[in-house]
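A.B. asks: Generate a structure from the sequence data that follows.
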Amino acid sequence: MPDRPATEVIAEVLEKAPARKFTETVELSVNLKDLDLSIPKNRLEEEVPLPSGRGRPARVAVFGSTELLTKIRSVADVVVSGQELDDFAKGAKKSVGGIDFFLAEAPLMPTIGKRLGVVLGPRGKMPRPVPPGSDPTNLIRSLQRSVRIRSKGNRTFHAPVGNRTMKAEEIAKNVDAVLARITSKLERGRSNIESVYVKTTMGPAVRLW
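C.D. replies: Numbers count the residues shown, from 1 in each chain. The predicted structure is shown next:
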């Protein structure tokens, strides 16, 4: 069966999905094949900037010195100084769920690993280090438009590509970006993908590939 244009498939997905009392996410469901996922290099873990954004910005938290936090306080969603790490760690299991990405000034990484690694590590949310004295404003803004792709050891995994407030054409651009990144990282590219479906959070899935 030949591929259908992504815009056409997404328009069908949005049309078939019943109206909900909340804004549903639009996501890809990717099914892999002919890969040994017990080998770490065959597992996907990527951050992909979406050309059309997510429909709502991702939430970004930053651990850093007073100097760094002053630069990004108006951009980041959560800021945590080194002195506040202990208090943040006490409630980390509850608070990290609402945060999509973490950054940390490099000197704090060993401390964060000790105090928060057990919470952040399994969720794939260990902070990306940033150099001391740098200004990560542009990186934060990029992450706010990005999604994380994690296949772990699973043959099937999901990736958000927007939400129902967006136009089909906008979501299609995001779909293309995500699939391009995925295929570029697989050993045999598209030949390692068995199928791709698009769906809303609670709506029916429609096959894209």
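A.B. asks: what does the domain assignment say about the protein?
C.D. replies: 6-55+146-207, 60-143 (automatic domain parsing).
A.B. asks: Turn those into CSV, including mean neighbour count and mean pLDDT.
C.D. replies: (C-beta placed from N, C-alpha, C; glycine too.) Putting those into CSV (neighbours: other Cβ atoms under 10 Å; pLDDT from 0 to 100) gives the following:
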stretch, mean neighbour count, mean pLDDT
domain 6-55+146-207, 17, 93
domain 60-143, 16, 91
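A.B. asks: got the contact list for the helix or strand hosting Pro110?
C.D. replies: Following DSSP states H and E, one finds Pro110 within helix 109-120. With Cβ atoms under 8 Å, 6 or more residues apart in numbering as the test, helix 109-120 has contacts from 63, 82, 85-86, 88-89, 92-93, 96, 102, 104, 126-127, 129.
A.B. asks: separation between Ile99 and Arg164?
C.D. replies: Going from Ile99 to Arg164 by Cβ to Cβ, to the nearest Å gives 23 Å.
A.B. asks: same question, Leu103
C.D. replies: Distance from Leu103 to Arg164, by Cβ to Cβ: 29 Å.
A.B. asks: before we move on, what about Leu85?
C.D. replies: 38 Å.
A.B. asks: next one: Pro110
C.D. replies: Distance from Pro110 to Arg164, counting by Cβ to Cβ: 42 Å.
A.B. asks: And for Glu170?
C.D. replies: The gap separating Glu170 from Arg164 is 11 Å, by Cβ to Cβ.
A.B. asks: Then Pro49?
C.D. replies: 21 Å.
A.B. asks: Can you give me the end-to-end span of stretch 193-209?
C.D. replies: Across stretch 193-209, the terminal residues are separated by 9 Å (Cα to Cα, to the nearest Å).
A.B. asks: what's in contact with that stretch?
C.D. replies: Here stretch 193-209 has contacts from 3-4, 6, 9-10, 12-14, 16-18, 20, 24-33, 161, 164, 175, 179, 182-183, 186, 190, using Cβ under 8 Å, 6+ apart.
A.B. asks: can you check stretch 47-57 too?
C.D. replies: 23, 25-26, 101, 142-149, 159-166, 170-171, 173-174, 177-178, 181.
A.B. asks: Cross those against strands and list the overlap.
C.D. replies: If you go by DSSP state E, these have 25-26, 101, 146-149, 159-163 in strands.
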